[in-house]
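Participant: Got a sequence here, can you build the structure:
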Amino acid sequence: MQYDAIILAGGESSSELKKIAPYDNEALIIIGNYPMIYFVYNAVRQCPGIRKIVVSGPVDSLRNILPREELLFFVPSGNNAVESLANAVELLKKEATSEKILIMPTDIPFITREAIEDFIKHCEKSQSDFYYPLTSKETNEKAFPGVKRTYVRLKEGVFTGGNLFMVKTQLIDTFLDLALKLVIRRKNPLAIARLFGLGLVWKFITGTLSLLAAEKRFHQVTGIKGKAIISTYAQIGVDVDKPSDLDLAQEYLGDIKF
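Facilitator: Below is the predicted model:
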């Protein structure tokens, strides 16, 4: 099965990142020998299951960075990640597109073909509308000792949210409305839980919330059948949004040459 992919490359660098990497757009930050966007693009393009790739961001700059190819498209970014996603979706709607779309930000330079393909493989095992990865604290710290992430305690263990997801194309408009609410709250797990009712909030606070219960409640509230995928690839759960993350990326990726 083949899929289309969207890379959201319109995010502005944080003020702290700009102090050590003077770029307004995080996609353009140089890590070793390449801009950050190139690491993400390269991992996606290596996946044989990915067909079209749409990059939403500063079009002129991105065209100068990424190779010219028939199945690579560019659209301007919006005022936030959801608008940027909507712009990319509109382009895909103009031609025949895949049944599901893989979506990811540009600030995950650690991402690899293997991590993406493993996520897709697990998605294909479930008949759901929306797929979202989690990585455990143990997985992240084993691969990147000392890495700082926001973790939540669930019945199954301690996890952080991943940085890519898959959504069924026919539900993308419904998903965009929900995504706006989630993006606003993405750094606050408790705020996300509040969207789904006091009962879920209490289970979240007490650490007794299970993935199955969260999935059922998500479906009841949104009408979207979601599936959490526990990934064993830490590259999915680590992004670059602060100086310590960039230092980590330089350490692990600085010598890579494509």
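
Participant: Give me the next element, helix or strand, following the helix or strand of the chain with the lowest mean pLDDT.
Facilitator: Within the chain, judged by mean pLDDT, DSSP states H and E, the helix or strand with the poorest mean is helix 198-206; its value is a mean of 62. Towards the C-terminus, the helix or strand next in line after helix 198-206, according to DSSP states H and E, is helix 211-222.

Participant: what's the neighbour count on residue 32?
Facilitator: Burial of residue 32 is recorded as 15 neighbouring residues (other CB atoms under 10 Å). For the C-beta atoms, the positions are set from N, CA and C on the backbone; glycine is no exception.

Participant: Distance check, residue 36 against residue 175.
Facilitator: With the distance defined as CB to CB, to the nearest Å, residue 36 ends up 25 Å from residue 175.

Participant: can you check residue 154 too?
Facilitator: Summarising the geometry, the distance separating residue 154 from residue 175, computed by CB to CB, is 23 Å.

Participant: So the two - more neighbours on which side?
Facilitator: Under the neighbour definition other CB under 10 Å, residue 154 and residue 175 were set side by side, and residue 175 has more, 23 against 20.

Participant: which non-adjacent residue is nearest that one?
Facilitator: Residue nearest to residue 175 in three dimensions, not counting chain neighbours: residue 167, with 5.0 Å by CB to CB, 6 or more residues apart in numbering.

Participant: Return the backbone torsion pair for that neighbour.
Facilitator: Main-chain dihedrals, residue 167, degrees, to the nearest 10: phi -140, psi 140.

Participant: do residue 132 as well
Facilitator: Dihedral angles of residue 132 (phi, psi; degrees, to the nearest 10) stand at phi -140, psi 130.

Participant: List the residues that contact it.
Facilitator: 161, 162, 165, 226, 227, 228, 229 (CB atoms under 8 Å, 6 or more residues apart in numbering).

Participant: Cheers, nothing more for now.
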